[in-house]
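can you look at this prediction? I've put the sequence above it.
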Amino acid sequence: MGTNRFNNFTEYGIGIGLRQPHYDHILSRKPVVDWFEIISENFMIDGGRPLQILDQILEQYKVVQHGVSMYFGSAEKPNREHLRRLKELVKRTKTPWLSDHLCWGSVDGRYTHDLLPMPYTFEAAKLTAQKVREVRDYLEVPIAVENVSSYAEYHVSEMSEWEFLNEVVERADCGILLDVNNIYVSSQNHSFDPFTYVNSVPAERIAQIHIAGHSKYRKYILDTHDHPVIDPVWKLYERAIQRAGHTATLLEWDDSIPSFKEVHNEALKANRFLAATALATAV
Amino acid sequence: MKLLELQRTMARAVMQPLTFTERMQRTAPDGQPMRAYAARFIKPNDRLTSFERLEIYNRQYWFRLLSSMVEDFPGLRAVLGASRFEAMSKAYITDCPSRSFTLRDLGSQLESWLHKNPRWAGKKQTLALDIVKLEWAEIEAFDGKAEPPLRPEDLSANAGADLRLRLQPYIQLLSLRYPVDDLLLEIKNTSEENEVASNAFQERRKHKRVQTVAKLKPAAIALAVHRIDNSVYFRRLEPEEFALLTELKQGRTLQKAVAHAFIETKIPPQELPALVQRWFHNWAALGWFCQSDQKTETSPRSTNPMNRKPTGAGRKRKIV
């Protein structure tokens, strides 16, 4: 239970993002952590300290790769150098699955280094799914696409965001990294019911879940990953695992990063929902 | 609007520089009002106009890329001053937008761009170019490839006139007109102290940093930017030492490299054999020579660290 072909049938628990301020603590104290998520691009290099640290982490922990610049939704072809380096890293980490975002961020070879929202059109869904397939075939590892936080919507959109996500994953036959914080942020920015989103995605494709904090401004919410998870996001998480079962869960904390212990404790709060779901299933 | 057209339209707006007050420009890249440009493809909602929604992405783009420049080039920032550095960075990013999937490469064109655009550094152009070379070399040395090193005993066993020695790919050799290695270390040390200092203390440190830059006199140096145990160090080189390493890096045989490196030397001929032997012993001890055509990445051996200058705590992880 709780596993699917989109995370290579692995039983992963609660992980946290591997971040530089925690390196010393992790390597010296060797805390018990189910798994670490790494940002692939930070390790797609030729040598030096980052790879040395990664190798030390790999000796003791399970690692899953998460990318930020594959840009499945960009209209251009995948960057071959990016793919080559990514494949080298996949061989190194033996990641059971690999995730990146359902967004675009580059055009005509120029990179914005941002996760820009997709127009929810059938043309875009078809092209995006094709790219997911190409990348999966090249990397030979299951792919999960993550829904992003967004601050803008396009006139050309022909469907809702969750309908677009479903269209892409069905066409690509890939998994979903369901970011419940991103769903909450976008629901506030675009005035939709976040539970409609969570209830609409195909539960059997949810390979992983992200939880995180965000920042609230007067007119919109920004996905900043610099706060604890708020209760409405935990409620979405609870609903997601009621539907998907025990799913690999990861807390993202990328800015104003507190101590390792604080980050890990925040992530472990997910246990109470996982336990309740397990109990409900058993009954 | 088709996908490619929409993405080009949005990217042009997102990558357009912000105003002086860090807001989105009122005029779009095509000359029409930005409000109309944004409204063509972005929906408004009950709280934000199309312009305001697009502006969120425009600001995020510039904040992200400018922070990356600050992180990568603290030395150049100290030389130019914070506001001039920011203006220069905006001009650079506009002329040379990122063409890499990683922000690590953002500054790869900065030296050549600054060379073609001397107005940003003015009278400090030579100093600015030197420090950019050094800061970019540090980035390259930090995560460059390391091959299995040749040990001193491998070297003596294979010594011969036709021997070609490969330098580790991560080693950067620089010929500079200012002693910017000391300057950069001073800047980094004061920056690290500032992280835990009071405002008044930071002001004094800033003043000291400005004085350090102002007082720096030209003095030609040769430098190797290298790694020991995966930390980056700067090592000053004698002119002949630099010439010899450069010749070897270019693939010359040992015999030709030695012949070229000492053409203009003032070192007495009788001292050369012992000197060259000592240099080679030191370089080999530092793991600077590597085996040919090896594809395996390994860490350099921990060796006797001679004349090394730590560059600080090492580069920080970058979120792309």
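Done, it's in.

alpha carbons only for contacts and neighbour counts from here, please
OK.

from the chain's centroid, how far away is stretch B:174-182?
13 Å (Cα atoms, centre = their mean, to the nearest Å).

between the two ends of it, how far is it?
End-to-end distance of stretch B:174-182 (Cα to Cα, to the nearest Å): 14 Å.

one more: stretch B:37-53?
12 Å.

ok, now stretch B:227-242?
17 Å.

got the contact list for residue 57?
Since you didn't name a chain, this refers to chain A. residue A:27 (Cα atoms under 8 Å, 6 or more residues apart in numbering or on different chains).

try again with chain B
Counting by Cα under 8 Å, 6+ apart, residue B:57 touches A:116, B:14.

and the gap between it and residue B:63?
Separation of residue B:57 from residue B:63 (Cα to Cα) stands at 10 Å.

can you check residue B:230 too?
Counting by Cα to Cα, the gap from residue B:230 to residue B:63 is 30 Å.

who has more neighbours, those two?
Between residue B:230 and residue B:63, counted using other Cα atoms under 10 Å in any protein chain shown, the more crowded position is residue B:230 (22 against 13).

just checking, the more buried one touches residue B:144?
No: in this structure residue B:230 lies outside contact range of residue B:144 using Cα atoms under 8 Å: 10.0 Å.

now for the two: what residues contact both?
Contacts common to residue B:230 and residue B:144, judged by Cα under 8 Å, 6+ apart, are residue A:48.

okay, which residue is most central for chain B?
The centroid of chain B falls nearest to residue B:136 when counting by Cα atoms, centre = their mean (1.3 Å).

name the residues of whichever strand or helix holds residue B:63 that are buried.
Per DSSP states H and E: residue B:63 is located in helix B:50-72. For helix B:50-72, the neighbour count (16 or more other Cα atoms under 10 Å in any protein chain shown) marks B:50-62, B:64-66, B:68-70, B:72 as buried.

now the element after that helix, going C-ward?
helix B:74-80.

touching that following helix from outside, list them.
B:70, B:84-85, B:120-121, B:124, B:127-128, B:131-132, B:135, B:183-184, B:187-188, B:209-210, B:213.

do the same with stretch B:19-26
By Cα under 8 Å, 6+ apart, stretch B:19-26 touches B:16, B:17, B:18, B:33, B:34, B:35, B:55, B:58, B:59.

can you give me the neighbour number for the fourth one?
For residue B:33, the count of nearby residues is 13 (other Cα under 10 Å).

now do the phi/psi pair for the closest residue to it other than its chain neighbours.
Nearest residue to residue B:33, sequence neighbours excluded (Cα to Cα, 6 or more residues apart in numbering or on different chains): residue B:27, at 4.7 Å. For residue B:27, the backbone dihedrals are phi -110, psi 130 (criterion: degrees, to the nearest 10).

from chain A, how far off is residue B:27?
20 Å (Cα to the nearest Cα, to the nearest Å).

quick check: pLDDT value at that residue.
Per-residue pLDDT puts residue B:27 at 98.

thought it was touching residue B:34?
Yes: using Cα under 8 Å, residue B:27 is in contact with residue B:34, at 4.8 Å.

so for the two, which sits in the more crowded spot?
residue B:34 (21 against 15).

please give me every residue in contact with that one.
Contacts of residue B:34 by Cα under 8 Å, 6+ apart are B:25, B:26, B:27, B:28, B:51.

elements contacting the host helix or strand of residue B:273?
Using DSSP H and E, residue B:273 falls within helix B:272-285. With contacts taken as 3 or more Cα pairs under 8 Å, 6 or more residues apart in numbering or on different chains; DSSP states H and E, helix B:272-285 sits against helix B:152-158.

strand partners of the helix or strand just after the helix it packs on, parallel vs antiparallel please.
Proceeding N to C from helix B:152-158, the next assigned helix or strand is strand B:166-167, under DSSP H and E. If you go by DSSP bridges, strand B:166-167 pairs up with strand B:289-290 (antiparallel).

average pLDDT for the partner strand?
92.

check stretch A:85-103 too.
98.

which of the residues in it are buried?
Within stretch A:85-103, judged by 16+ other Cα under 10 Å, the buried ones are A:85-87, A:89-90, A:93-103.

give me every residue in chain A lying close to chain B.
With the criterion set to Cα under 8 Å from any Cα of the partner chain, chain A comes near chain B through A:19-20, A:39, A:41-42, A:45-50, A:52, A:68-70, A:74-75, A:82, A:106-114, A:116, A:119, A:123-124, A:151-156, A:190, A:219.

what subset of those is buried?
Here, 16+ other Cα under 10 Å leaves A:19, A:39, A:41-42, A:45-50, A:52, A:68-70, A:74-75, A:82, A:106-107, A:109-114, A:116, A:119, A:124, A:151-154, A:156, A:190 buried among these.

check contacts around the residue of the stretch 151-283 of chain A found nearest chain B.
Using Cα to the nearest Cα, the closest approach of the stretch 151-283 of chain A to chain B is made by residue A:154 at 4.5 Å. Residues in contact with residue A:154 (Cα under 8 Å, 6+ apart) are A:119, A:120, B:41, B:42, B:43.

what's the neighbour count on the residue lying closest to residue B:50 once chain neighbours are set aside?
Leaving aside its chain neighbours, residue B:50 sits nearest to residue B:44 (4.5 Å; criterion: Cα to Cα, 6+ apart). Residues lying near residue B:44 (other Cα under 10 Å) number 20.

which SSE is residue B:44 in?
Here residue B:44 sits in a region with no helix or strand, counting by DSSP H and E.

now it. Its backbone dihedrals?
phi -80, psi 170.

pretty sure it sits against residue B:53.
Yes: at 7.4 Å, residue B:44 counts as touching residue B:53 under the criterion of Cα under 8 Å.

would you list every one of the helices in chain B?
In chain B, the helices defined using DSSP state H lie at B:3-14, B:34-41, B:50-72, B:74-80, B:82-95, B:110-116, B:125-143, B:152-158, B:180-194, B:199-215, B:239-249, B:254-261, B:272-285.

quick one, which of the ones you listed is nearest to residue A:211?
Ranking these by proximity to residue A:211 (Cα to Cα) places helix B:50-72 first, at 21.8 Å.

what stretches of chain A score poorly on pLDDT?
A:1-2, A:283 (pLDDT under 70).

so which bits of the longest helix anywhere in it are buried?
Counting residues, the longest helix found in chain A (DSSP H) is helix A:122-139. Neighbour counts over helix A:122-139 (16+ other Cα under 10 Å) mark A:124-125, A:127-136, A:139 as buried.

then stretch A:226-233?
Under 16+ other Cα under 10 Å, the buried positions of stretch A:226-233 are A:226, A:227, A:228, A:229, A:233.

mind listing what the first one touches?
Neighbouring residues of residue A:226 by Cα under 8 Å, 6+ apart: A:212, A:213, A:214, A:215, A:253, A:254, A:255, A:256, A:257.
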